[in-house]
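**Q** How does the following fold in three dimensions:
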Amino acid sequence: MRHRPPTGTGTGLRVAILILLAGVILLLTGCGTAVPETRGMSAEQATWAIESAGFRVGKVTYDDKAIGAVGAVVAQQPEAGKQAKRDTLVFLTVAGAAPGPTPELSGLDKDKAAAVVISKGLPLVGVPSVKGKTQADATKSLEAAGFRVKVEQKADTAKKGLVIAQKPSSGQAQAGATVLVTVSTGAPMKPSSVRANTPVTLQGTVEEKSFISAKTEEPIKTWVLVLDAPVDVPEDGGYGPEIGVQTMQINYPDGYETLGGFDGQRVSATGSLFFADNWNHLTPVLITVDRLVRR
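**A** Next comes the predicted model:
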């Protein structure tokens, strides 16, 4: 007579053990914690928020061309809300120039020490609201208040040429700070389809943006073309498709360093698109520019 093993008992025990082990592994490794939002905070406030959430602060980069209140965090990597493991480095970008060293006063007599004056920086000025104004009127108003102006274009249902947003939008900022105004280009259009490795001319704005390197995990700056209108890039050679592409890293064989002369300017870029295929490629789709013309 054959011996029939007990049914169910052994299998149920093995399943229970596997479930228990899975729970222990999840408990030990953790499912990750949401990265806190630090934009708008000072570097000190951001450091406290990051460390309180169980993360560490990575490199803090200062950018005097960044849009935002001087001394405030304007970008972070990883972005707020993303799940990350404990002790993950969070890199910050702060608007304004890097702070200078504090003068050493120890050892000086009181008369010499009293001669050291530490600047509090430029005075704070009220930021005028320019939403709803034409680009020309908005620029005139902000420059009269002592600010620099940077313009970006965006498709919107508002009338073409009107300001639909600004940053900072209110409050006070240091005189000489840059205010970003967003101007409507009219109602959004359905994205056109542009094939990779095919000659194309696109309209957009040249900007310098920061990304996190997949190799070094540190911030890296590169020049990008921010398109006036997004495009769809169909699959090609096993890569893609990419839908609604609006920002493309620029490959400029004629002299990458010369792109600084186009910073913030609207251009017509003639070249061809290709998909990212290594860690040097910082956007899903890139453009090799053969000809760049200011508009």
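
**Q** In terms of pLDDT, where does the most centrally placed residue in the chain sit?
**A** For the chain, residue 75 is the residue whose C-alpha lies nearest the centre (C-alpha atoms, centre = their mean; 5.4 Å). Confidence at residue 75, expressed as pLDDT, is 90.

**Q** Tell me which helix or strand it sits in.
**A** Secondary structure assigned from DSSP states H and E places residue 75 in strand 73-77.

**Q** List of residues touching the next helix or strand after that strand?
**A** Sequence-wise, the next helix or strand downstream of strand 73-77 (DSSP H and E) is strand 83-84. With C-beta atoms under 8 Å, 6 or more residues apart in numbering as the test, strand 83-84 has contacts from 31-35, 55, 78. Backbone N, C-alpha and C define where each C-beta goes, glycine included.

**Q** Mind listing the strands strand 83-84 pairs with, and their directions?
**A** With DSSP bridges as the test, strand 83-84 is paired with strand 33-34 (antiparallel).

**Q** What are the buried residues along the helix or strand following the partner strand?
**A** On the C-terminal side of strand 33-34, the closest following helix or strand by DSSP H and E is helix 43-52. Going by neighbour count (16 or more other C-beta atoms under 10 Å), the buried part of helix 43-52 is 43, 46-47, 49-50.

**Q** which strands and helices sit next to helix 43-52?
**A** strand 56-63, strand 73-77, strand 89-95 (3 or more C-beta pairs under 8 Å, 6 or more residues apart in numbering; DSSP states H and E).

**Q** ok, the shortest one: who's next to it in the sheet?
**A** Just to be clear, that refers to strand 73-77. strand 89-95 (antiparallel).

**Q** Check which residues of the partner strand are buried.
**A** Neighbour-count burial for strand 89-95 flags 89-95 (criterion: 16+ other C-beta under 10 Å).

**Q** quick one: the nearest residue to residue 45 once chain neighbours are set aside from residue 77, how far?
**A** If the residues on either side of it in the chain are set aside, residue 45 comes closest to residue 38, at 7.5 Å by C-beta to C-beta, 6 or more residues apart in numbering. When C-beta to C-beta, to the nearest Å is the yardstick, residue 38 and residue 77 sit 11 Å from each other.

**Q** Compare these two (neighbour count), which wins?
**A** Taking other C-beta atoms under 10 Å, residue 38 and residue 77 do not tie; residue 38 has more neighbours (25 against 20).

**Q** Need phi/psi at the more buried one.
**A** phi -120, psi 0 (degrees, to the nearest 10).

**Q** Each with direction, which strands does the helix or strand where residue 225 lies pair with?
**A** Per DSSP H and E: residue 225 is located in strand 219-233. Strand pairing for strand 219-233, using DSSP bridges, gives strand 192-193 (parallel), strand 200-212 (antiparallel), strand 242-251 (antiparallel).
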